[in-house]
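Visitor: fold the following for me, if possible:
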Amino acid sequence: MRAMPARITRDDVAHVATLARLALDEDELERFTGQLAKVLQHAADVEALELDDVPPTSHPYPLANVLRPDLPGPTLERAEVLAAAPSTEDRQFKVPTILGESP
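Guide: Modelled structure (predicted):
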């Protein structure tokens, strides 16, 4: 892995902006150079942590299956549900046509 440069420069930020096809003015270049330097410093701090004894995890808490069982429960009668619908046809909900499609 390549080592990060000691400090990111304004030219580095301008180069990345060019690659991303971003037009940055002078104030933005100065502001983003400082912000990106802080982000890279934080990444270097994280990289410097001693993590050899820390097991890989995907979540900070030990979780097992947290989903409830998918069991059927009481439901409404079809006629009751359709009676509350604004429009029905052939015992189904009738909805407006979209995107000019025909049935």
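
Visitor: from here on, contacts and neighbour counts on C-alpha atoms
Guide: Fine.

Visitor: tell me where this structure is predicted with low confidence.
Guide: Scanning the chain for pLDDT under 70 picks out 1-6, 101-103.

Visitor: where along it do the helices fall?
Guide: 10-19, 26-47, 78-84 (DSSP state H).

Visitor: turn those into CSV, including distance to Thr57 and mean neighbour count.
Guide: As requested, the helices of the chain are exported to CSV (distance: least, Cα to Cα, whole Å; neighbours: other Cα atoms under 10 Å):
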stretch, distance to Thr57, mean neighbour count
helix 10-19, 33, 14
helix 26-47, 16, 14
helix 78-84, 46, 11
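
Visitor: how long is stretch 65-73 end to end?
Guide: End-to-end distance for stretch 65-73: 21 Å, by Cα to Cα, to the nearest Å.

Visitor: could you give the separation of that stretch from the chain centroid?
Guide: Here stretch 65-73 is found 26 Å from its chain centre; the criterion is Cα atoms, centre = their mean, to the nearest Å.
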